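1. quick one, fold the following:
(one chain, ligands or ions: 1)
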Amino acid sequence: MATATTPNVIPGGSFLIANASPDDIFTLEDLTEEQQEIARTTAEFAEKSILPRVAEIEAKDFSVTRELLREAGGLGLMAVDIPEQYGGLALDKVTSALIADRIAISASFSVSISAHTGIGTLPVVWYGTPAQKEKYLPKLASGEWIAAYALSESSSGSDAMNIRAQARLSPDGKQYILNGEKMWISNAGFADLFIVFAKIDGEKFSAFLVERGTPGLTIGAEEHKLGIRGSSTCPLVLSDCAIPADNLLGEAGKGHHIAFNILNIGRYKLGAATLGGARNSLRNAIRYGKQRMAFGKPIVSFGLLQEKIADAAAGIFAGEALVYRVVGAIDAALSTLPADAPASEVQKRIEDYAVECSIVKVWCSEMLERVVDHTVQIHGGYGYVEEYPAERGYRDARINRIFEGTNEINRLIITGFLLKRAMQGRLALLPAIAKVMDEVMSGPTLREEATGPLGAEKSLLASAKKLGLFCSGAASQKYPTNLQDQQEIMGALADILIEILVMESALLRAEKFAGRSRTAIGLAQLTAARSFRVIENAAERVLGAVAEGDMLRTQMAIYRRLAKHDPINTIAIGRAIAEEVIAAERYSL
Ligand SMILES: Cc1cc2nc3c(=O)[nH]c(=O)nc-3n(C[C@H](O)[C@H](O)[C@H](O)COP(=O)(O)OP(=O)(O)OC[C@H]3O[C@@H](n4cnc5c(N)ncnc54)[C@H](O)[C@@H]3O)c2cc1C
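-> This next block holds a predicted model:
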């Protein structure tokens, strides 16, 4: 399980109150030889096998998708999370994230493979009986069979516990009879195995294994979608669909564990996939921008386009830092478990990083949106027509803010989970808030000065953490028992938490690079400047909502002291980065 450089185990959610060092975090620079090899194999498969077939995939020729999934299975790319005894490779989570990252050259194919390996397969890995694992996992690992996950319904998506699909045990106890409908099921058009959620007797939320071809299971027509058009998304109808009683997955009434624990993995894999999508998008933008002339010059020489290119590169750099830090931390936590640890223990360890997984999901999906938007803009009118991939990338990116928990739901999770842990005494957030409140009320110098090439940014990070604690304290004082009802404040606090983790991850990654890459330092500086602007904006939203009159004036005075800093020259840094990225024709460090 352990990666070569296993970082220290840092408890999930502690980033706001503790300071990590570069050695505490895993970065792409720490990949083992084996991980690098798998990344290369995946990237080669994406370039040579997937890319030439994108038009067929987008035309919904699912025989091509199935063929490519089988090929991916042959390369071992679908076996990473599956135990060896069931035909899997049982590799670490960084490896599975790397595959999601490097395969994401076609967003449609990326969704098909992720739905299969993640939400489709993991429920069987974690909750299957030995007989269920024996029966299904070898086929799912090889790509002979493809899986789908059917939770959502037309009347319940975010509100997943409110599903209406029902199951009842037959009088002889040999079968479950399922009735209901499911909506927006990825891979449904060609999947062989469905993880279907239904309530036994309308009450016990449970999961079932339903094979394609089971009488009573009907797959509806393909949805006509804005993006990821080459992925399959269909409704299901279950009409007296009888399955063997042995096809209950996990315990009756415990299906919510299956439904929600899997999502944490789905979220960091989604983040990893956005990295591949963003790199690809930036590459398209640069290639186009280098050959397109305007006013006698290639358009990439214009400062306003270079600013977009640098912003995209900084987004990818920070996204990489964030994703691999979080997944590396999960691997480190899992590495201390014995090999035969029960699945419930594995999930508990992963669940400890639920806040970080949601941060990855939200930030990376929004970073990709920025990058694809820059790419369309750099293409000008050509960005708006189907002839160039910029248009498809723009449409494809949108879904990432909707599935795997909408970004609103994930923002509520980020703040809500952290506060809950604080209340339960699992995270020393309240003493940290009290300390900052004392410090700001007693009025000493609040700024922590740091030195070195990223000294100013490290000071900003320290201020950002204090601002995060100060705003959390101010909000909890105003709403001691019902902050969760103030969604806009919860959302603004989530924005602060998100950017703190992003900023810290980018700075630590650049520090690891210290002396090796000026570019890494510049990318981290751009990230810190951008993150801090978001934090300032969110902090003002929080304080404006929780205080008024003299109290507001006092809090704003504290805020200004905490947020005070001199701007760096992001324009010069951005130009230098853009020139490097343009010369290399792609983002790479
Ligand atoms: C292409 C595609 C593929 C999908 N694949 C799958 C799949 O394989 N399996 C599967 O089970 N599902 C799948 N889904 C469904 C997806 O997970 C849901 O669409 C998603 O969870 C949102 O649910 P909803 O559509 O019902 O929207 P709603 O839950 O109705 O949300 C609508 C809006 O209200 C907001 N909202 C809802 N509740 C709250 C709240 N408490 N506070 C604040 N805002 C709130 C949401 O953020 C959103 O902006 C897929 C969807 C699509 C479009």
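2. residue boundaries of the helices in the stretch 151-300 of the chain?
-> Secondary structure of the stretch 151-300 of the chain (DSSP state H, counting those that start in this stretch): helices at 255-291.
3. for the ligand, what's the nearest residue on it?
-> Gly157 (1.8 Å; C-beta to the nearest ligand atom). Where you see a C-beta, it was placed from the backbone N, CA and C, and this is true even at glycine.
4. any idea how far Ile163 is from that residue?
-> 10 Å (C-beta to C-beta, to the nearest Å).
5. so if I had to pick from those two, which one is more boxed in?
-> Ile163 (24 against 18; other C-beta atoms under 10 Å).
6. Ala150 is in contact with that one, correct?
-> No: Ile163 is not in contact with Ala150 according to C-beta atoms under 8 Å; the separation is 9.8 Å.
7. where do the contact lists of the two overlap?
-> Common neighbours of Ile163 and Ala150, counting by C-beta atoms under 8 Å, 6 or more residues apart in numbering, are Phe197.
8. got the CA positions of stretch 339-357 in PDB?
-> Output of stretch 339-357 as PDB, limited to C-alpha atoms (Å, rounded to 0.1, in the frame of the first residue of the first chain):
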ATOM      1  CA  ALA A 339      -3.100  -5.800   4.700                       C
ATOM      2  CA  ASP A 340      -6.100  -7.800   5.900                       C
ATOM      3  CA  ALA A 341      -7.900  -4.800   7.500                       C
ATOM      4  CA  PRO A 342     -11.700  -4.900   7.000                       C
ATOM      5  CA  ALA A 343     -13.200  -2.700   4.400                       C
ATOM      6  CA  SER A 344     -14.900  -0.700   7.100                       C
ATOM      7  CA  GLU A 345     -11.500   0.400   8.500                       C
ATOM      8  CA  VAL A 346     -10.300   1.400   5.000                       C
ATOM      9  CA  GLN A 347     -13.400   3.500   4.600                       C
ATOM     10  CA  LYS A 348     -13.100   5.100   8.000                       C
ATOM     11  CA  ARG A 349      -9.500   6.200   7.100                       C
ATOM     12  CA  ILE A 350     -10.700   7.600   3.800                       C
ATOM     13  CA  GLU A 351     -13.700   9.300   5.400                       C
ATOM     14  CA  ASP A 352     -11.300  11.100   7.700                       C
ATOM     15  CA  TYR A 353     -10.300  13.100   4.600                       C
ATOM     16  CA  ALA A 354     -13.900  13.800   3.500                       C
ATOM     17  CA  VAL A 355     -13.400  17.500   3.800                       C
ATOM     18  CA  GLU A 356     -10.300  17.400   1.700                       C
ATOM     19  CA  CYS A 357     -12.000  15.200  -0.900                       C
END
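9. the chain should start at 11 in everything you say after this.
-> Sure thing, new numbering starts at 11, so read that last one as stretch 349-367.
10. distance between that stretch and the chain's centre?
-> 17 Å (C-alpha atoms, centre = their mean, to the nearest Å).
11. which bits of the chain sit near the ligand?
-> 125, 159-162, 167-169, 194-196, 235, 238, 243, 409, 412-413, 416, 418-419, 497 (C-beta under 6 Å from any ligand atom).
12. these two touch, right, Leu572 and Ser473?
-> Yes: using C-beta under 8 Å as the test, Leu572 is close enough to Ser473 to be in contact (5.1 Å).
13. and the helix or strand of the chain with the lowest mean pLDDT, what's buried?
-> The least trusted helix or strand in the chain, going by mean pLDDT, DSSP states H and E, turns out to be helix 439-452, with a mean of 88. Judged by neighbour count using 16 or more other C-beta atoms under 10 Å, the buried positions of helix 439-452 are 439-440, 442-443, 446-447, 449-450.
14. give me the spatial nearest neighbour of Thr37, chain neighbours excluded.
-> Nearest residue to Thr37, sequence neighbours excluded (C-beta to C-beta, 6 or more residues apart in numbering): Arg519, at 4.7 Å.
15. so what's Val220 up against?
-> Here Val220 is in contact with 160, 188, 203-204, 206, 227, 248, 251, 253, 257 (C-beta under 8 Å, 6+ apart).
16. inside strands: which ones of those?
-> Taking DSSP state E as the definition of strands, the contacts of Val220 contribute 160, 188, 203-204, 206, 227, 248, 251, 253.
17. before we move on, the earlier item: mind putting the contacts of Val220 in CSV, pLDDT, neighbour count and distance to Val372 included?
-> Listed next are the contacts of Val220 as CSV, based on pLDDT from 0 to 100; neighbours: other C-beta atoms under 10 Å; distance: C-beta to C-beta, whole Å:
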residue, pLDDT, neighbour count, distance to Val372
Ala160, 98, 32, 25
Leu188, 98, 25, 34
Leu203, 98, 23, 30
Phe204, 98, 25, 28
Val206, 98, 30, 28
Leu227, 98, 21, 34
Leu248, 98, 25, 33
Cys251, 98, 24, 36
Ile253, 98, 22, 36
Asn257, 98, 18, 35
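18. closest to Ile272 out of the residues you listed?
-> Ala160 (12.6 Å; C-beta to C-beta).
19. please name the bridge partners of that closest one.
-> On the basis of DSSP bridges, Ala160 is bridged to Val206.
20. surely it meets Ile195?
-> Yes: with contact defined as C-beta under 8 Å, Ala160 counts as touching Ile195 (4.8 Å).
21. show me where this structure dips below the pLDDT cut-off.
-> 11-18, 454-457, 524-526 (pLDDT under 70).
22. repeat the analysis, applying 80 as the threshold.
-> 11-19, 451, 453-461, 524-527, 599 (pLDDT under 80).
23. where do the strands sit along it?
-> Under DSSP E, the chain gives strands at 157-160, 176-179, 185-196, 203-210, 214-221, 227-229, 243-254, 258-259, 303-304, 307-308.
24. gap between the third one and the chain center?
-> What it means is strand 185-196. The answer for strand 185-196 is 27 Å, by C-alpha atoms, centre = their mean.
25. check stretch 226-233 too.
-> For stretch 226-233, the distance to the chain centre is 29 Å (C-alpha atoms, centre = their mean).
26. OK, contacts around Glu414?
-> 273, 276-277, 280, 371.
27. quick revisit: nearest to Gly483, of the ones in strands among the contacts of Val220?
-> Nearest to Gly483 among the ones in strands among the contacts of Val220, with distances taken as C-beta to C-beta, is Ala160, at 42.8 Å.
28. do you know how far that closest one is from Ser249?
-> Distance from Ala160 to Ser249, by C-beta to C-beta: 14 Å.
29. leaving out the residues flanking it, which one is nearest to Arg63?
-> Nearest to Arg63 is Val74, by C-beta to C-beta, 6+ apart, at 5.4 Å.
30. and stretch 106-119, C-alpha only, in CSV?
-> Provided in CSV are the C-alpha atoms of stretch 106-119 (Å, rounded to 0.1, in the frame of the first residue of the first chain):
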residue,chain,number,x,y,z
SER,A,106,-5.6,5.2,-9.3
ALA,A,107,-5.6,9.0,-9.3
LEU,A,108,-2.8,9.1,-11.8
ILE,A,109,-4.7,6.9,-14.2
ALA,A,110,-7.8,9.1,-13.9
ASP,A,111,-5.5,12.1,-14.5
ARG,A,112,-3.6,10.8,-17.5
ILE,A,113,-6.6,9.1,-19.2
ALA,A,114,-8.7,12.3,-19.3
ILE,A,115,-7.9,13.2,-22.9
SER,A,116,-11.6,12.6,-23.8
ALA,A,117,-13.9,13.7,-21.0
SER,A,118,-16.6,11.3,-22.3
PHE,A,119,-14.4,8.3,-22.1
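31. buried subset of the residues of the chain next to the ligand?
-> Using 16+ other C-beta under 10 Å, the buried ones in those are 125, 159-162, 167, 194-196, 235, 238, 243, 409, 413, 416, 418-419.
32. what's in contact with stretch 168-177?
-> Contacts of stretch 168-177 (C-beta under 8 Å, 6+ apart): 161-163, 165-166, 186-192, 206-212, 215-216, 218, 248, 266, 269-270, 415-416, 418-419.
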